[in-house]
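Colleague: What would the 3D arrangement of this be:
(4 chains, ligands or ions: 4)
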Amino acid sequence: MPEITLIEAIRQAMDEELARDERVVIIGEDVGKRGGVFRATQGLYEKYGPQRVIDSPLAELSIVGVGIGAALYGMRPICEIQFADFIYPAFNQIVNEAAKMCYRSNGEWTVPMVIRAPYGGGIGGGLYHSQSVEAFFAHVPGLKVVIPSNPADAKGLLKSAVRDPNPVLFFEPKKGYRLIRGEVPEGDYTVPLGKAKISRQGADLTVVSYGMTHYYALKAAQVVAAEGIETEIIDLRTLLPFDKETLLQSVKKTGKVLIVHEDNLTGGYGAEIAAFLAEHAFTDLDAPIRRLAGPDVPAVPFSHPMQDWFMPNAEKIATAIRELAAF
Amino acid sequence: MPEITLIEAIRQAMDEELARDERVVIIGEDVGKRGGVFRATQGLYEKYGPQRVIDSPLAELSIVGVGIGAALYGMRPICEIQFADFIYPAFNQIVNEAAKMCYRSNGEWTVPMVIRAPYGGGIGGGLYHSQSVEAFFAHVPGLKVVIPSNPADAKGLLKSAVRDPNPVLFFEPKKGYRLIRGEVPEGDYTVPLGKAKISRQGADLTVVSYGMTHYYALKAAQVVAAEGIETEIIDLRTLLPFDKETLLQSVKKTGKVLIVHEDNLTGGYGAEIAAFLAEHAFTDLDAPIRRLAGPDVPAVPFSHPMQDWFMPNAEKIATAIRELAAF
Amino acid sequence: MVLPLPEETLLEMYWTMLLSRRLDERAWVLHRQGKIAFHISAIGHEAAQIGAAYAIRRGYDWVAPYYRDLTLMLALGYTPREFMLSLMGKKGDPCSGGRQMPNHWSLKRANVISHSSPVATQTSHAAGIGLAIKLRGEDKVVLTTVGEGSTSQGEWYEGVNWAAVHKLPVVFIIANNLYAISVRQEQQMAVANAADKALGLGLPGVSVDGMDFLAVYEVMKEAVERARNGGGPTVVEAKVYRITPHSSDDDDRSYRSREEVEQFKRRDPLLIARQKLERAGILTAQRVEELEQRAKETVEDAVRFGESAPYPSPEEAAFPVYAEDARYA
Amino acid sequence: MVLPLPEETLLEMYWTMLLSRRLDERAWVLHRQGKIAFHISAIGHEAAQIGAAYAIRRGYDWVAPYYRDLTLMLALGYTPREFMLSLMGKKGDPCSGGRQMPNHWSLKRANVISHSSPVATQTSHAAGIGLAIKLRGEDKVVLTTVGEGSTSQGEWYEGVNWAAVHKLPVVFIIANNLYAISVRQEQQMAVANAADKALGLGLPGVSVDGMDFLAVYEVMKEAVERARNGGGPTVVEAKVYRITPHSSDDDDRSYRSREEVEQFKRRDPLLIARQKLERAGILTAQRVEELEQRAKETVEDAVRFGESAPYPSPEEAAFPVYAEDARYA
Ligand SMILES: Cc1ncc(C[n+]2csc(CCOP(=O)(O)OP(=O)(O)O)c2C)c(N)n1
Ligand SMILES: Cc1ncc(C[n+]2csc(CCOP(=O)(O)OP(=O)(O)O)c2C)c(N)n1
Ligand SMILES: [Mg+2]
Ligand SMILES: [Mg+2]
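Modeller: Ligands and ions are numbered 1, 2, ... in the order given. Predicted structure coming up:
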């Protein structure tokens, strides 16, 4: 199997879905000739033309709103939000419209669409090109929320998202676009939504994560393994709905949980995982549920020392693992 | 002390703040002659004129955006969003602008403003006149989030919010507007933000709530008290930042926690409280942390049987208390 | 007077307006009787809606309506019985199975998409449907409506802009009744006509007397044909008046004078239609009597039907959150 | 040629444009050298900005700018040294203390509010400032800017609408450089001039050659005076061209031809200003040489200053989340 980068896997998934199903269209800012500011759609405009790969006006609300309309008519739009930080103008369309359409119409109308957006910091993007926004959407029934951590999953999950009959938010760890490489099966395959992956087995404690921090968690696990701490790593992959079974089983085994994400702590996605386990795995727990998250400041600052202060990384995770293991 | 309704207390607070500080202005849809669709601003237009009580165009984004601008210039705007369900068009302004202004300008610019919105169901409002939206905002550093449960608090908290130098979201339980009455001190007083209130003492378990569900929790506590279960009820009042000390002390005493809110469960505000306690009160806990929340459906349905199915109430809370007490 | 449509069709339009009016009046009564929780009225808007409805190919073209569009919905085949199910939150409400408030339409069989309460969100949906139609090379048209107040939303602006840039087959109707609840047009916009907004977006904008169903029909016909023939979208402003309060929750006396309301009542769209059709010799007093009688019976039947229908069971509220558990997905 | 401003002022304007250009060019070099992480350029926009800056009372009026406004910021008293601190994310950056990316302005002492990256959010802030000014009965004016692409946002529409409805003292500049990153104006809007958008909002809209600083000054002067005298807001579109790629992250070869860029370079605003001033006898080749020398020294000094300045300490990132922990609150 060829080794490719995360972003290449994402592009491949879109390319193959465009070829497979003519209802699939891409809508977004600079997705055409420019091939996307991160080049996720590079070459697709040339291959599928301006009818399939559509440069939108600079207006996220209507990127999503138009996508919803097209989906209602039977298309399968993939809407790109250039940075997750710019998704808020479309919040009303996503939360009040896309998420509630199926329910409010008693199932008559559904919105099969994907909203892709790069998220996360560590790339010098400052407050508005670094945000993690998953917690806002993982709270909303009717949406699905997916975050891949590696190329093979990214391709398979994105294909599942495109084929899913619901609105799916697909957040991509942009710092990993070119950094994270991996083997990816050629041709068509899917990775099911709603299923976590145990990406490392271990008996001492469970680390729950996704996306970029999952990548760091794996590195941290290697480091502490040398010290004799055996970490089980869960890559959630789908944040809504999340895979309760896999979580419960792992905690039954390890009794200790560390949840890691980059978004700020308070009200972050990790809170739901912790709350779920504090209710449903209470008797299996041998230690406080620990969350390692971004600090409670508005977003990732630009200047390097401050950015580094903000970002979770393998070292910080290793420290948290050691502390929890020692509890 | 006179007994007045929740909405009268809110109106009183605004009236007195308008009189106290000429920088205070009210901006919103139908807040003028109409006095607000719930009559929260009734009489204020007549008393303070169109320069202080300003009917906005039907556009929430700019209600907040204009409020931010006015606040930057030195005003103290109170922006009314007619229903919390309609706050999403302003999400970008609240989350990317108001919340981050102080931080991003290194403290040079601040946004002293209040955004008021009625929230919650049980009034036959269907999917879009019933929503609880606090979880979205209680996740955002730079914002404060307040929800009063009774007239005296409402008046004092709203005054604190108006005088606070930060953007404060003030969500009002609309079902309680006329239902909840209570004694309210006349004249000027404030209730501090960030401080919870123990509204009932008890040793058997702690119920954490706010707003409308706090009202129901008090009723439920009375019912189970007759059965010998002594419930401690915490009214959070401020959801961000929340009062960690009061929570920890109560759990130390009772060892059991039930968190109640009306918003749907997954990723709801209760998750943060549960996660916080699962980490910081772990050794004090004698039972799983229980959350009683709205079901994970997009919002409260209109038709009565379905609405009732959705809504938390005193009975459901009493049942949950009994179960937890028996653990 | 040259008639733009066959007599039969004109009578059908009148009948639908009349039926809409009588159903609507009955809804107000049901509300006063405490039998329904909420109503939001089309009274005063009937001509604008019927003129629009008959300008499209109903059941073929697509519609993204707003809450005042009862007449439009009836013209699209929504039945009085169905309306009563919606009003009463009963099982079988075709719009939402009782999940949404009344007058929040959806009717898949008639290509009417579901809309929500937050105003103007349907505008970009209409543009998206228009985009899909264009991409597929079909000749369908999309009709979408909002009130004039709702055009203050960025939602509206962005949706219309898409359609203008991509020359999509959409007609954007603005029902301008002068008020957004209590807020008058002048506090909402600085242009004299809501249709002037089209000037800033690069598409044609037309204002028309929305109390005259034939005037609306003519203007709409042109806009719909342009859209169908690849000529792109149009903004049509129908100048109407909301004769009732905003909704059953409103009291309009604080913000507008009784004189103003009375004055507009003299231009009641139903009256104007009747006069026109009588003058054209299509309608007689006797015929009107018959139609009134039929309307009365239809309304009675619908109310009885609605009242005897069951409520949804509580557990139905648990579904369908996702398309997987939808009946029709 | 009748000069609209004193010679000295015109020279100052030229100097500021020149300084802006040389600082900007230096930023590109610093980026190539790997010394800074990001730059977004004003090259090609200088005349429009300087014309606007000199039409307001700087330091008295308020400004809500966007990221291309380096020349405007320099005219408002932002220093080259400060610019280098911002570019390099160093301690003392007056815009954000290193928190925001470069070119995200804020300068309290000059009444420049902080703006963010999400485009057009500052438009309604400008309206809100205008509202506050009007409520207080003051005679200040607000200047706010965006690119033409950003006018597609509902954000822009709603902010301008407020100002139009309330006749607020705001001038809304659109820097139309034909592109929003790679997306051309025709894919963004269906009007020929971005200023035409004003027609739909009920306020005056003027387009002006943004490469000619005096032309911009004249148009802006009129708009600012109207605003100051209670005449309400204006939309001013300055037709400019972005001579560089969108930012240091962009490669513009995929979406526009080299010929097009070359063609616009012939209308370089700096060149046009120089020619105008030479023709008016205010500027000589020798004087330009002197100014170039001074610019060079100023830029060198700024770079040295920036490079030797310390970074913020990591812990500074913890504050100020709330006004309570703000130094200046
Ligand atoms: C986003 C949003 N904000 C506020 C409301 C509350 N609301 C319902 S109808 C209405 C007025 C609408 O006025 P207009 O668009 O003129 O339509 P009309 O009711 O007059 O037909 C308002 C403010 C809403 N439904 N949606
Ligand atoms: C809300 C939002 N969406 C997307 C972006 C990414 N982005 C940054 S600049 C830009 C293009 C802006 O074009 P224009 O408004 O014409 O200004 P110009 O850069 O040409 O001066 C885009 C799409 C953004 N900053 N904000
Ligand atoms: Mg109206
Ligand atoms: Mg541009």
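
Colleague: Count the neighbours of residue 249 for me.
Modeller: Reading this off chain A. Residues lying near A:Gln249 (other C-beta atoms under 10 Å in any protein chain shown) number 17. C-beta here means a position set from N, CA and C on the backbone, and glycine is covered the same way.

Colleague: could you do chain C instead?
Modeller: Residues near C:Asp249, counting by other C-beta under 10 Å: 16.

Colleague: same for the longest helix along chain C, what does it pack against?
Modeller: Longest helix in chain C, counting residues (DSSP state H): helix C:7-32. Identification of packing neighbours for helix C:7-32 by 3 or more C-beta pairs under 8 Å, 6 or more residues apart in numbering or on different chains; DSSP states H and E yields helix C:46-53, helix C:70-75, helix C:80-88, helix C:269-279, helix C:285-308.

Colleague: What helix or strand is the closest residue to ligand 4 within chain A located in?
Modeller: Distances between chain A and ligand 4 by C-beta to the ion are smallest at A:Leu58, namely 8.8 Å. For A:Leu58, there is no host helix or strand (DSSP states H and E).

Colleague: mind listing what the residue nearest to it when sequence neighbours are not counted touches?
Modeller: The spatially closest residue to A:Leu58, leaving aside those adjacent along the chain, is D:Gly149, at 4.1 Å (C-beta to C-beta, 6 or more residues apart in numbering or on different chains). Applying C-beta atoms under 8 Å, 6 or more residues apart in numbering or on different chains to D:Gly149 gives the contacts A:57-58, D:119, D:179-181, D:183, D:188.

Colleague: any idea how far chain B is from D:Gly149?
Modeller: 17 Å (C-beta to the nearest C-beta, to the nearest Å).

Colleague: Run a quick neighbour tally on residue 49.
Modeller: Using chain A. Neighbour number of A:Gly49 under other C-beta under 10 Å is 11.

Colleague: try again with chain C
Modeller: C:Gln49: 31 surrounding residues under other C-beta under 10 Å.

Colleague: contacting residues around it?
Modeller: Neighbouring residues of C:Gln49 by C-beta under 8 Å, 6+ apart: C:20, C:42, C:68-72, C:75, C:145, C:175.

Colleague: for A:Val208, same thing?
Modeller: The contact partners of A:Val208, taken as C-beta under 8 Å, 6+ apart, are A:234, A:236, A:247, A:257-260, A:270, A:273.

Colleague: before we move on, the earlier item: between the helices and strands packed on helix C:7-32, which one is nearest to D:Leu203?
Modeller: helix C:46-53 (28.3 Å; C-beta to C-beta).

Colleague: Neighbours of C:Ala280, how many?
Modeller: Neighbours of C:Ala280 under the rule other C-beta under 10 Å: 14.

Colleague: Surely the residue of chain A closest to ligand 4 is in contact with D:Gln188?
Modeller: Yes. In this structure, A:Leu58 is within contact of D:Gln188 by C-beta atoms under 8 Å, at 6.6 Å.

Colleague: Overlap of the contact sets of the two?
Modeller: D:149, D:152, D:180.

Colleague: In the sheet, which residues pair with the last one? Tell me.
Modeller: In this case it means D:Ala180. D:Val183 (DSSP bridges).

Colleague: picking that back up, deepest-packed of the helices and strands packed on helix C:7-32, please.
Modeller: helix C:46-53 (a mean of 30; mean count of other C-beta atoms under 10 Å in any protein chain shown).

Colleague: now that helix and helix C:7-32, what's the angle there?
Modeller: Relative orientation of helix C:46-53 versus helix C:7-32 (axes from the mean of the first three to the mean of the last three C-alpha atoms, to 10 degrees): 130 degrees.

Colleague: interface residues of the stretch 151-300 of chain C facing ligand 3?
Modeller: C:177, C:180 (C-beta under 5 Å from the ion).

Colleague: Give me the spatial nearest neighbour of the residue of the stretch 201-327 of chain A found nearest chain C, chain neighbours excluded.
Modeller: Using C-beta to the nearest C-beta, the closest approach of the stretch 201-327 of chain A to chain C is made by A:Pro241 at 8.7 Å. Ranked by C-beta to C-beta, 6+ apart and with sequence neighbours excluded, the top spatial neighbour of A:Pro241 is A:Gly194, at 5.3 Å.
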